[in-house]
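In: With the input below, show me the fold.
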Amino acid sequence: QVQLVESGGGLVQPGGSLRLSCAASGSIFRFYAMGWYRQAPGKQRELVAVTTDRPSTNYADSVKGRFTISRDNAAYAKNTVYLQMNSLKPEDTAVYYCNAPDGAKEYWGQGTQVTVSS
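Out: Residues are numbered from 1 along each chain as shown. Next up is the predicted model:
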């Protein structure tokens with residue numbers, strides 16, 4: 001059974017940084033794509049960033065230049081993805097979810113809270 005587990009969320013002041021991690025277990029194959037979504041209170045879940053083995057990366061306009069998504073290429077961590085978040089703003093406050101599509105299936109983590117506040 002595939003499970004995605006996020007970590008690294010927390011409370012940070014505006015302008016600060018956080019690094020989110022997501023590790024997938026239970027899959028013997030490397031996911032072609034992994035990404036991060038977020039959902040703020042009262043809003044729909046939105047794509048933040050995605051990376052593929054093409055290779056390619058895509059970001060939401062609101063985070064371009066501030067967030068960086070990356071994969072761990074070590075064999076033992078083939079399904080680990082990171083989100084480096086810099087210059088955080090209050091509007092980045094949300095629950096951040098890790099995502100991995102796998103053919104007809106789609107896997108999600110349980111989410112990690114990121115709060116940007118002074």
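
In: Who are the contact partners of the residue nearest to Val5 when sequence neighbours are not counted?
Out: Excluding the flanking residues, the one nearest Val5 by C-beta to C-beta, 6 or more residues apart in numbering is Ala23, at 5.5 Å. Quick note: C-beta positions are derived from backbone N, CA and C, even for glycine. Residues near Ala23 by C-beta atoms under 8 Å, 6 or more residues apart in numbering: Leu4, Val5, Ser7, Ala77, Asn79, Thr80.

In: now the residue nearest the centre of the chain, what's its secondary structure?
Out: The centre of the chain sits closest to Trp36, judged by C-alpha atoms, centre = their mean, with a distance of 3.0 Å. Secondary structure, DSSP: H, G, I helix; E, B strand; the rest coil: Trp36 is strand.

In: Reformat the contacts of Ala23 as TSV; add neighbour count, distance to Ser118 and secondary structure.
Out: Output for these, formatted as TSV (neighbours: other C-beta atoms under 10 Å; distance: C-beta to C-beta, whole Å; DSSP: H, G, I helix; E, B strand; the rest coil):
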residue	neighbour count	distance to Ser118	secondary structure
Leu4	24	31	strand
Val5	13	30	strand
Ser7	13	24	strand
Ala77	13	35	helix
Asn79	22	36	coil
Thr80	18	32	strand
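
In: and the two most separated of those?
Out: Across these, the longest distance by C-beta to C-beta is 14.4 Å; it joins Ser7 and Asn79.

In: who's the residue nearest to Val5 bridged to?
Out: Val5, Thr80 (DSSP bridges).

In: ranges for the helices of this structure?
Out: Using DSSP state H, the chain contains no helices.

In: Which of the residues in stretch 52-72 are classified as buried?
Out: The neighbour-count check on stretch 52-72 (16 or more other C-beta atoms under 10 Å) flags Tyr59, Val63, Phe67, Thr68, Ile69, Arg71 as buried.
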